[in-house]
Structure formats: structure tokens, C-alpha cells
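S.K.: Here's my sequence, what's the structure:
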Amino acid sequence: MTAHGERPRFGHGDVTVVSTLLVASIVQSLPPLLNAAGTQSDAAVVGLQAMHALRGEASWFLWGSGYQTSVDSWLAAAFFRMFGATPLVLMLSSFVGYLVLTGFAYATLRRRFPPWSAALLVAPLVLMAPPVHIYAFYPPRQASLTLFFAALCTLDGATTARRVALGALLAGLACFADPYALLFLPAAVVFLVLLTRDRRLLAVGAVALVVGLVPFWLLSHSAGARHGVFQLDSASFGRHVKLLFGECLPYLLGTEVKQFVPGTGYVVWQPPRPFRVVEMLGACSLIAGIVVGGVIALRRRDVLDARRLGVAGAVMLPITLAAFSVSVMAMDRLSARYLVAIVLMAPFALAPVLRVAGRRTVLVMLAPYLVSIAVGGWLGYGDNVDGARIRTENGRAEDERQLVEALHARGLRYGYADYWVSYRLTFLFHEDPILVPWHAALDRYPPYRRAVKSERTVAYVFDPYWSQEDLAYRKSELATGKVGFEPGFDEFRAGRYTVLVLRQDQPGDVRVAGAHGGPVVASPLL
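M.R.: Prediction:
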């Protein structure tokens with residue numbers, strides 16, 4: 001091991017280990033990478049905003065959000081500038097950040113442990129629990145997580161005021177990149193408090209942390225800011241706890257895995273009984289390891305070099321569970337993404353266990369979890385995998401290609417769709433055509449709707465995979481002529497998509513700058 005506080009001496013062993021971790025991360029991530037065209041609308045909004053940023057259109061907030069900044073869009077714009085605005089490049093703008101996050105975790109642990117021991121601790125980050133996929137492959141949010149891990153890595157080796165200030169500043173700026181990083185602030189405080197007995201360095205860190213939080217404070221108090229997501233909902237505590245233990249924790253820990261069955265959809269995977277035992281052992285061993293790591297860090301003096309890591313990692317377990325239980329953002333199974341702090345900080349919580357028990361014991365302890373989450377994470381890629389086989393239908397986007405050709409052939413450049421269809425297709429089609437959500441309340445970029453409203457003839461696009469609307473109900477609604485359209489519609493199919501051709505009552509004359517013949521700064525997406 002290296003002496004506490006010293007910079008580790010990286011050598012050939014580190015090159016081998018880091019290369020192995022990198023290759024394993026990429027191989028494990030091939031299903032979404034090979035199917036980047038299957039991106040979803042939340043990520044597509046980041047890509048669209050990035051495209052507009054390259055045209056000189058600036059905004060502090062992420063489109064349609066009064067609490068998330070456009071940092072991820074700026075990062076995507078940088079990637080687009082270098083490699084073109086494609087779905088794969090958008091995904092890489094997030095995935096590369098996740099790889100860097102894993103690198104910061106490894107570098108922090110490497111200060112205390114040999115290369116393979118540090119690699120064992122970061123293995124849960126490489127194999128990725130399914131909720132982690134949401135951030136690792138689909139922006140926004142990954143930039144804030146990477147910034148925070150950079151802050152911890154900087155603070156951990158800090159012996160000078162300059163480095164303490166830099167680490168604390170990065171921790172505050174991570175909250176500006178996305179307010180989810182506020183959940184990690186207790187870990188940053190642990191690092192500062194346990195960093196040194198030098199009160200001067202502690203004061204420097206405290207001031208720098210406050211300074212780093214100033215941009216977030218200013219943005220959250222600016223015009224257009226919304227604070228509803230920060231409210232606590234104690235009245236729904238019982239429902240949230242039920243959701244937590246009934247759906248979200250099993251999803252996070254791999255004890256309940258959903259796989260995609262062609263022709264059926266998503267179903268709960270029923271593993272062989274022996275593997276079910278592995279799943280349960282894995283979940284229990286990870287949680288037990290986090291708790292034991294925190295206890296060891298607090299009670300044993302012979303692990304002082306891992307104390308800061310252990311406490312910072314372990315404290316995220318109760319904080320995350322408590323925050324989830326009273327947050328207004330906890331709504332469904334996918335809210336498990338708000339629990340990923342537990343898994344991301346687990347390598348640090350396990351550091352004291354490794355110090356006391358040794359690598360072999362920790363490997364035996366973690367083996368069930370690593371095996372379980374490797375399988376669960378793979379099946380969690382949904383229709384991008386079929387058992388062990390990688391499917392590439394989403395990556396080829398043949399249905400989308402047929403759709404855009406059919407729309408162009410009929411002169412349809414604007415239209416409506418379900419939220420989960422509208423922005424992903426607008427991004428894939430490079431804003432030609434432009435589709436907006438049917439319900440205006442779900443708009444992320446109002447100029448798009450004004451442009452759609454300006455057209456006499458528009459499309460309504462229904463996707464049986466992504467749409468959460470009832471096509472039969474929509475048809476009956478449109479047949480009445482009471483929703484701003486003339487009665488009746490024409491209908492055609494393109495790939496898996498159903499398209500209704502509508503005529504609006506009172507079109508205006510508005511267009512979106514840069515769309516349909518305006519300056520294009522990147523290659524077409526399809």
C-alpha cells in the first residue's frame with residue numbers, strides 16, 4: 001500500500017489494470033453503444049439544445065427545466081463540434097464522463113491499495129446496476145457526478161490550501177451542473193472535516209465550498225427558476241417507503257430484473273433458484289459491506305488511512321434512503337435512479353473492509369453481487385439484448401428511416417406525438433421534421449410549438465413502442481373536430497409507426513431559426 005496522503009506511484013501494473021477496467025467497461029456497455037439511435041426524449045432534448053448552442057443560442061437552464069442547468073448540453077455541444085451531432089456522439093458525451101468518474105474512484109483508492117485491490121473495489125462501477133445506465137448513457141446528470149468524483153479525488157490527496165480549495169470548489173460546482181449533487185455534499189463535508197487537524201485548511205475548504213455553491217444559488221434564484229423538485233413530501237412517506245423496498249431497491253440491487261421478451265415486452269425475469277440465491281446474497285453482501293465499512297472506519301484506529309473514504313461512502317446509504325422517502329420526485333420504479341449514490345459511493349465504503357479483511361475476503365464477499373449485477377445489468381439493457389446476444393435493430397433505426405422518408409414524401413415537416421416520441425424523433429431527424437408533444441404542458445422548447453402551429457397540414461405520429469397515449473382515443477378525438485383540427489384525418493403506416501395527417505384550424509406564420517434550410521453544423525443523424 002502507499003503511505004497515507006502520498007501520491008501513488010503508477011507503473012506497469014496500473015496500465016494493465018486500468019486497461020482491463022476500460023475494456024471491461026466498454027464490452028459491458030456495447031448493447032446501448034451499438035444502439036445509440038434508440039435514445040430517449042430526455043437525452044434527445046440535451047442533444048437538440050447542444051445543436052442550438054452551436055448556432056449561438058445560449059441558455060443557462062436545460063430546455064424546459066427550471067432547476068437543471070445546460071452543462072450537459074454544453075458538453076454535448078463540444079463533442080458535436082469535434083465528432084458531429086449523432087446519437088452515438090451524444091451518448092459518448094455522457095459515457096466518457098462515466099468512465100472518467102470510474103477513473104477518479106480508482107485513483108482515489110489507489111493511494112491506499114495495490115492496483116488489483118483498487119480494481120476490485122471499483123468493479124461495481126464497471127458492471128453497473130441497471131439504474132446507473134440512465135446516467136451513464138443518457139444525459140443529463142453525468143457531468144455533475146463526474147465533477148463530484150473529481151472533487152473527492154482532489155480533496156483526498158490534498159495537503160496544501162490550493163488543493164483543498166480546488167477540491168471543495170469542484171464539489172460546489174457539481175451542484176451547479178445538476179442539483180442531484182446536493183445529495184453528495186455530506187460526503188464532501190466528511191472529507192473536509194476528516195482531512196486534517198489544520199484549522200486553516202479546514203477554513204479554506206469551507207470557504208471554497210460556499211463559493212462553489214454560489215453559481216447554483218444564483219441560478220436557483222434567477223428568473224425562470226422552479227423549486228418544486230426540492231420540496232419534501234412527508235405526507236407520502238408510507239407510499240415512498242413501500243416504493244423504495246418494493247420496487248426501487250430491488251431494481252438497484254439486482255434482486256428483481258426485467259428482461260425484454262420479443263412479442264411480449266418487459267417481464268420480470270425468473271432466474272433458476274440457485275441464481276436467485278446468488279441475487280439475494282449479492283444484495284445483502286453489498287449493503288452489509290457498506291454498513292460494516294462505516295462502522296470499521298469510525299471505531300478502529302488501525303484504518304486511519306481509509307477512515308475518510310469509509311465514512312464518506314457509508315454515510316450515503318442512510319442519507320439517500322431518507323431523501324428518497326420524503327422526496328416529491330419518488331414516483332415509480334424508474335425513480336431508482338435517485339438511489340444510485342449508494343452504489344457509486346460503495347467502493348469508498350468498502351475500503352476499510354478491504355484494509356481489515358484483505359483482498360481475498362472482500363472478493364469472496366463481493367462475488368455474489370458482482371455476478372448478480374453483471375447478469376442483471378446486461379438483461380437491464382432491454383430490447384438491446386436477447387439473452388447473451390446483442391441486438392442491433394435499434395441501432396439500425398430502419399423504422400425511423402422509413403418514417404422520415406414517408407413524411408418528407410408527403411411534405412410533412414411539422415407535427416405532434418407523445419412526449420417520449422416527439423423529441424427523440426426531432427433529434428434523430430435533425431429537426432426535419434419537428435415534432436412536439438401533443439400536450440403543450442410537456443413542451444421543452446416553446447419555439448418548436450409555435451413553428452408547428454404555423455403549419456396548415458401536420459402529422460400526428462404514433463409509436464407502439466414509446467407512445468404512452470391511446471391511439472384509438474386520439475382518433476376518436478380527432479374525428480370530432482373539437483381539438484383545434486378540422487374533422488377527420490388521413491392515415492398511413494411507415495415501419496412500426498402510424499401517422500395521422502391533420503389539418504389545423506388557424507395556422508400562424510412562425511418558423512424556428514436554423515431549422516429546415518437554416519445553417520446546419522453537423523451531419524444528418526439518419
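S.K.: Can you list the helices and strands that the top helix by length along the chain packs against?
M.R.: Longest among the helix segments of the chain by residue count, using DSSP state H, is helix 273-299. Applying 3 or more C-beta pairs under 8 Å, 6 or more residues apart in numbering; DSSP states H and E, one finds that helix 273-299 makes contact with helix 249-253, helix 304-326, helix 346-349, helix 351-357, helix 359-379. C-beta coordinates here come from the backbone N, C-alpha and C atoms, glycine included.
S.K.: Could I get the full set of helices for the stretch 51-200 of the chain?
M.R.: In the stretch 51-200 of the chain, the helices defined using DSSP state H, counting those that start in this stretch lie at 71-83, 87-110, 115-127, 130-137, 142-156, 161-177, 185-193, 199-220.
S.K.: Of the helices and strands packed on helix 273-299, which stretch is the most buried?
M.R.: helix 346-349 (a mean of 28; mean count of other C-beta atoms under 10 Å).
S.K.: Could you list the alpha-carbon positions for that one in PDB?
M.R.: Presented in PDB, the C-alpha positions along helix 346-349 are these (Å, rounded to 0.1, in the frame of the first residue of the first chain):
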ATOM      1  CA  ALA A 346     -19.900   1.900  -2.300                       C
ATOM      2  CA  PRO A 347     -16.200   1.400  -3.400                       C
ATOM      3  CA  PHE A 348     -15.200   4.000  -0.800                       C
ATOM      4  CA  ALA A 349     -17.400   2.500   2.000                       C
END
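S.K.: Tell me which of the helices of the stretch 51-200 of the chain is the most buried.
M.R.: helix 142-156 (a mean of 25).
S.K.: now it against helix 87-110, angle please.
M.R.: 20 degrees (axes from the mean of the first three to the mean of the last three C-alpha atoms, to 10 degrees).
S.K.: Can I get helix 142-156 in PDB, CA atoms only?
M.R.: Extracted C-alpha coordinates of helix 142-156, given in PDB (Å, rounded to 0.1, in the frame of the first residue of the first chain):
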ATOM      1  CA  GLN A 142     -23.500  12.600 -15.600                       C
ATOM      2  CA  ALA A 143     -21.400  15.800 -15.700                       C
ATOM      3  CA  SER A 144     -22.300  16.600 -12.100                       C
ATOM      4  CA  LEU A 145     -21.400  13.200 -10.900                       C
ATOM      5  CA  THR A 146     -18.100  13.200 -12.600                       C
ATOM      6  CA  LEU A 147     -17.300  16.700 -11.200                       C
ATOM      7  CA  PHE A 148     -18.100  15.400  -7.700                       C
ATOM      8  CA  PHE A 149     -15.800  12.400  -8.000                       C
ATOM      9  CA  ALA A 150     -13.100  14.800  -9.300                       C
ATOM     10  CA  ALA A 151     -13.700  16.800  -6.200                       C
ATOM     11  CA  LEU A 152     -13.300  13.800  -3.900                       C
ATOM     12  CA  CYS A 153     -10.100  12.700  -5.700                       C
ATOM     13  CA  THR A 154      -8.700  16.200  -5.300                       C
ATOM     14  CA  LEU A 155      -9.600  16.600  -1.700                       C
ATOM     15  CA  ASP A 156      -8.400  13.100  -0.800                       C
END
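S.K.: Quick check: phi and psi at R413.
M.R.: When read as degrees, to the nearest 10, the backbone of R413 gives phi -110, psi -10.
S.K.: can you pull the contacts of it?
M.R.: Residues near R413 by C-beta atoms under 8 Å, 6 or more residues apart in numbering: 407, 432-434, 455, 516.
S.K.: distance of the spatially closest residue to L147 that is not a sequence neighbour from E279?
M.R.: Nearest non-adjacent residue to L147, counting by C-beta to C-beta, 6 or more residues apart in numbering: A174, 3.9 Å away. According to C-beta to C-beta, to the nearest Å, A174 and E279 sit 32 Å apart.
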